[in-house]
Structures are given as structure tokens and as C-alpha cells.
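J.: after the sequence you'll find the predicted model.
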Amino acid sequence: MAASPSNQPIRRSRPKFLDLLAIRQPLAAIVSILHRISGALLFLALPALIAMFGLSLESPAGFERAGQLMLQPMIGIPLFGLAWAYLHHFCAGIRFLLLDMHIGLDKVGARRSAVAVLAISLGLTALLAAKLLEVF
Amino acid sequence: MRTTTGAHYGLSDWIVQRITAVVMAIYTLIIMVALLCGVASSYERWHAFFSLGLMQFLSFLFAVCLCYHAWIGIRDIWMDYVKPVWVRLALHSLTVLALLGYADWCLEILWRL
């Protein structure tokens, strides 16, 4: 290595590219941040979810009321968002537990399980929606 | 002797977060199976299911696990993004109080069954 002048600090212009919105994130990173976002959403929705649970168990009328509320778009659509949040948090959580046990740490396996988490949680949400809307 | 550097709650919280996750995952599977068996088809079945002693216990266990799990997760979010100590302390306090309230609320719902 060439010696630099002793009184001059070495300056190297290293490429810095930390615009998180411009970097194309790997799928595992997307699963990870969605795990955090879904967890935060579920936390924020807890009072509404507990209230709904309480209402459904209160009385036959309350049970009917809870069922009607779920079919109202203003409540039903956010509820499906939360169903997705729960299912994503569940699937991604299982993936993280497996990674903790050093299962699926290789690049191909990790990518494959990330795809599986995204697909299974979206698929289950769609299935739940279809079931509740009595498509089948 | 007790070490005075660092709080040393990181590892035990990390483990608790995972144990509570496993408990909640098992409860989730039980609920999924129950839903597939049509437990939500009528108020009578829905009420009878959650009135079972075992389900009352498991549901309360779930609520406690959820609150502890959420505390660790939400605390991590505050620690990552909120730097001013007083704001962070306030958010931590509000989170703990909210979660304790939610746990009590769940207990009351299950108690009345």
C-alpha cells in the first residue's frame, strides 16, 4: 500500500446507498419487516378485537350483532387486514423459530421459506374470506 | 454477585418471547380446528366451547402469553425508533398499562362465562 501524507486524513469515497425505499429488498427482509408491521397492527387493534370477542360471548343478541358487524365493509375489510396480519405473524414466526434452530439457514432454503410464508398467509386469508362470505 | 453493567434481561426476554409464541401457535391451531368443526355456527356452540373449563384456562393462558409477547415486541419497536428517554419511558409505561388492562379485560370476559 502506498504511504499517504502523514498530515492528511485518508479520504476514500466509498459508495453509500442507504435509501431503504430504493434498495430492492430480498424477500426475507420483506417477510421480516412485515412481521414487525403486522405485530404492531395487531397490538393497536387489540382493544377492538377483545371487544368483539366479548360481544360475541355476551348473549345470543351480541353474537348476532358481532356477525353483522363483520359483514359491514367498514369493519369487515379492516378485520381481513388483521386476519392477514395474524396469519403472516404466525407463519413468519414459525419460520423464525426454525431459523433459531438453524433450520433453513442456507440462501436457497431461506428464500424458499420466505416465499412460502408470504404465499401461505395470503392464501389462508383468502380462504378465510371465502369461508366467511359463504363462497363455499 | 449481581453484575451492575447492562440490564441482562435481553436473553430471558428473547426466550420468553419464543415460549409464549409456541403456546399461542398451539392455541391458534386448536381454534382453527374448532372453527373448521363449525364452533362459530351458533351462539350455543360458541358459548359452550369457550365455557369448557379447559378452554377457559387455555384462553386465559393465551391472553397472558399475548400480553407478555406483545410487551417484548412493542418495547423493541420503541427502543429501535424512539430515542428521547422521557418519550420512550412514557411510551413504555403506556404500553405496560394498556396490556395489563387488556389481560384483565380478557379475564373478565372469560370469568363471566
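T.: That came through fine. Residues are numbered from 1 along each chain as shown, chains lettered A, B, ... in the order given.
J.: by contact count, what packs against the longest helix anywhere in chain A?
T.: With secondary structure taken from DSSP state H, chain A has its longest helix at helix A:27-58. If contacts are counted by 3 or more C-beta pairs under 8 Å, 6 or more residues apart in numbering or on different chains; DSSP states H and E, helix A:27-58 sits against helix A:60-71, helix A:73-100, helix A:107-132, helix B:43-51, helix B:53-81, helix B:85-111. Glycine gets a C-beta too; all of them are placed from N, C-alpha and C.
J.: flag every residue of chain B that's near chain A.
T.: Residues of chain B found near chain A (C-beta under 8 Å from any C-beta of the partner chain) are B:18, B:21-22, B:25, B:28, B:42-43, B:46-47, B:50, B:70, B:73-74, B:77, B:98, B:102, B:105-106, B:109, B:112-113.
J.: which residues touch B:His47?
T.: Applying C-beta atoms under 8 Å, 6 or more residues apart in numbering or on different chains to B:His47 gives the contacts A:57, A:63, B:113.
J.: again, only using 6 Å
T.: For B:His47, the contact set (C-beta atoms under 6 Å, 6 or more residues apart in numbering or on different chains) is empty.
J.: reformat the helices and strands packed on helix A:27-58 as a markdown table; add distance to A:Ala45.
T.: Output for the helices and strands packed on helix A:27-58, formatted as a markdown table (distance: least, C-beta to C-beta, whole Å):
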| stretch | distance to A:Ala45 |
| --- | --- |
| helix A:60-71 | 14 |
| helix A:73-100 | 5 |
| helix A:107-132 | 15 |
| helix B:43-51 | 20 |
| helix B:53-81 | 11 |
| helix B:85-111 | 11 |
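J.: is it possible to export those to a markdown table including distance to A:Pro26 and mean pLDDT?
T.: As requested, the helices and strands packed on helix A:27-58 are arranged in a markdown table below (distance: least, C-beta to C-beta, whole Å; pLDDT from 0 to 100):
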| stretch | distance to A:Pro26 | mean pLDDT |
| --- | --- | --- |
| helix A:60-71 | 36 | 95 |
| helix A:73-100 | 14 | 96 |
| helix A:107-132 | 7 | 92 |
| helix B:43-51 | 42 | 97 |
| helix B:53-81 | 20 | 97 |
| helix B:85-111 | 30 | 97 |
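J.: closest to A:Lys16 out of those?
T.: For A:Lys16, the closest of these is helix B:53-81, at 21.2 Å, according to C-beta to C-beta.
J.: count of residues packed around A:Leu69?
T.: Residues lying near A:Leu69 (other C-beta atoms under 10 Å in any protein chain shown) number 15.
J.: skipping adjacent residues, who's closest to it in space?
T.: Excluding its sequence neighbours, the residue lying closest to A:Leu69 (C-beta to C-beta, 6 or more residues apart in numbering or on different chains) is A:Ile75, at 5.0 Å.
J.: wait, the one you found sits on A:Gly67?
T.: No: using C-beta atoms under 6 Å, A:Ile75 is not in contact with A:Gly67; the gap is 11.2 Å.
J.: can you classify A:Pro9 by secondary structure?
T.: Using DSSP: H, G, I helix; E, B strand; the rest coil, the structure places A:Pro9 in coil.
J.: drop anything exposed from the residues of chain B next to chain A.
T.: The neighbour-count test (16 or more other C-beta atoms under 10 Å in any protein chain shown) marks B:18, B:21, B:43, B:46-47, B:50, B:70, B:73-74, B:77, B:98, B:102, B:105-106, B:109 as buried among these.
J.: which ones are touching the residue of chain A found nearest chain B?
T.: Per C-beta to the nearest C-beta, A:Phe63 is where chain A lies closest to chain B, at 3.9 Å. A:Phe63 sits next to A:56, B:43 when contact means C-beta under 6 Å, 6+ apart.
J.: could you do the one 3 residues further on as well?
T.: When contacts are counted by C-beta under 6 Å, 6+ apart, A:Ala66 touches A:52, A:55-56.
J.: so which of these wins on neighbours?
T.: Highest neighbour count within those: A:Ser56, with 22 neighbours (other C-beta under 10 Å).
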